[in-house]
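In: Generate a structure from the sequence data that follows.
(one chain, ligands or ions: 1)
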Amino acid sequence: MISRRTFLLGALGCGVGPTAIGGYSRLIEPRWVDVNHIHIKINTLPKRFEGFTIVQLSDIHHCKYVPAEFIRKCVRQVNALSPDIIALTGDFIYESDTYLPALAEELSHLKANEGVFAVPGNHDNKELTLYALSKSGIRLLINELVPLYRKNDYILIAGVDDLWLGAADVDKTLRGVNGESTIMLSHNPDIVTGIKHGNVDFVMAGHTHGGQIYIPFVKPTVMFPQFDTPYIAGLFHVEKTTLYVNKGIGTSTYPMRFLARPEISVFTLTG
Ligand SMILES: [Fe+2]
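Out: Numbers count the residues shown, from 1 in each chain. You can find the predicted model right below:
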């Protein structure tokens, strides 16, 4: 028979446990940014790009639950890393485009030696995002490729449209690529299945928020049907292409994170 004391302790545990997890998921983890350092090996990397650094931010989702002050703090963290370039892999706002000008103002403070590049996500209005980001000195790449030069050496930075809402065109983006070191920004990680392997060395993606609310042994699609991909978070090797899926900064659907901390990724390229 259960004693009164055991019953009361059990009842207290049942109440405190979920409340504590709920409070942590709502108030602590969404602001607890993880800075991940990753080395990416590219065999064809020109010597002048040895040690080249890229900082990636993704899925900022500026909205009332992801306030400007938090984004400002992340921008300061990125700048403190002194990256060569910054890559922003889509989903800039959540629910309303009215957040875009304020977000662009925050992102205008990003500093990188050789440029800030972006691609649109499935929450982004392309025209409005292009207008807002270009005013902040950020180059939105929509099925485009840009060379980055260091004297006579160069690498290629490619950016594709979103796979779902846009018209991602990998072939058009990579037209003319002929064995150069090529790095691609894509909001959706599934783009990796449409790449002719060998044409892209490294893909940076987001979209999945790392599952956002990760319940062990439960597939992320139970909470978020939109995260239906085998590439939820971290590093993958898909044939000859290296893929990294960033967990993002903001939240969508629920203003919570659990076991999927917001992330700033720092890549160092090596030959
Ligand atoms: Fe997102």
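
In: Now do the same for Arg48: helix, strand or coil?
Out: helix (DSSP: H, G, I helix; E, B strand; the rest coil).

In: Next one: it, what pLDDT does it get?
Out: On pLDDT, Arg48 comes in at 98.

In: and what of Glu95?
Out: We have a pLDDT of 89 for Glu95.

In: could you measure it against the ion, distance?
Out: Remark: distance between Glu95 and the ion (CB to the ion, to the nearest Å) = 12 Å. Bear in mind the C-beta positions are built from the backbone N, C-alpha and C, glycine included.

In: which residue ranges form the strands in the stretch 51-200 of the chain?
Out: With DSSP state E, counting those that start in this stretch, the ranges of strands along the stretch 51-200 of the chain come out as 53-57, 85-89, 116-119, 139-140, 144-150, 153-159, 182-185.

In: The ion is nearest to which of those?
Out: strand 85-89 (9.4 Å; CB to the ion).

In: That closest one vs strand 53-57, what angle?
Out: Per axes from the mean of the first three to the mean of the last three CA atoms, to 10 degrees, the angle that strand 85-89 makes with strand 53-57 is 30 degrees.

In: Now for Thr229, how many residues are close by?
Out: Thr229 has 17 neighbouring residues, counting by other CB atoms under 10 Å.

In: Could you find the closest non-adjacent residue to it?
Out: Sequence neighbours aside, Asp190 is the residue nearest to Thr229 in space, at 5.4 Å (criterion: CB to CB, 6 or more residues apart in numbering).

In: give the contact list for the one you found.
Out: For Asp190, the contact set (CB atoms under 8 Å, 6 or more residues apart in numbering) comprises Leu163, Thr229, Tyr231.

In: Check Phe92 too.
Out: By CB under 8 Å, 6+ apart, the contact set of Phe92 is Ile60, His61, His62, Leu100, Leu103, Gly121, His123, Asp124, Thr129, Leu133.

In: Is there a neighbour count for the first one? I'd like the number.
Out: In this case it means Ile60. With neighbours defined by other CB under 10 Å, the count for Ile60 comes to 28.

In: Need phi/psi at it.
Out: Backbone torsions for Ile60, taken as degrees, to the nearest 10, come to phi -70, psi -40.

In: so it sits right up against Thr251, yeah?
Out: No: here Ile60 lies out of contact with Thr251, judged by CB atoms under 8 Å, at a distance of 10.2 Å.

In: Now do the shared contacts for the two.
Out: Here Ile60 and Thr251 have Val66 as joint contacts, going by CB under 8 Å, 6+ apart.

In: rewinding a little: which pair in the contacts of Phe92 has the greatest spatial separation?
Out: Using CB to CB, the contacts of Phe92 reach their maximum pairwise distance at His61 and Leu133, which is 15.2 Å.

In: Please give me every residue in contact with the residue nearest the centre of the chain.
Out: Centroid check for the chain by CA atoms, centre = their mean gives Ser58 as the closest residue, at 2.7 Å. By CB under 8 Å, 6+ apart, Ser58 lies in contact with 88-91, 187, 204-207, 246-249, 263.

In: Backbone dihedrals for it, please?
Out: Torsion angles, degrees, to the nearest 10, at Ser58: phi -140, psi 160.

In: Apart from its chain neighbours, what residue comes closest to it?
Out: Take Ser58 and drop its neighbours on the chain: the residue closest to it by CB to CB, 6+ apart is Gly206, 2.9 Å away.

In: residues contacting that neighbour?
Out: Applying CB under 8 Å, 6+ apart to Gly206 gives the contacts 56, 58-59, 89-91, 121, 187, 189, 245-248.

In: Rebuild the residues you listed as TSV, extending it with distance to Tyr149 and pLDDT.
Out: Converted to TSV, those look like this (distance: CB to CB, whole Å; pLDDT from 0 to 100):
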residue	distance to Tyr149	pLDDT
Gln56	22	98
Ser58	26	98
Asp59	30	98
Thr89	23	98
Gly90	26	97
Asp91	30	97
Gly121	28	97
His187	26	98
Pro189	29	97
Val245	29	98
Asn246	26	98
Lys247	32	98
Gly248	31	98
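
In: Residues of the chain that sit close to the ion?
Out: Remark: the part of the chain in contact with the ion comprises Asp59, Asp91, using CB under 5 Å from the ion.
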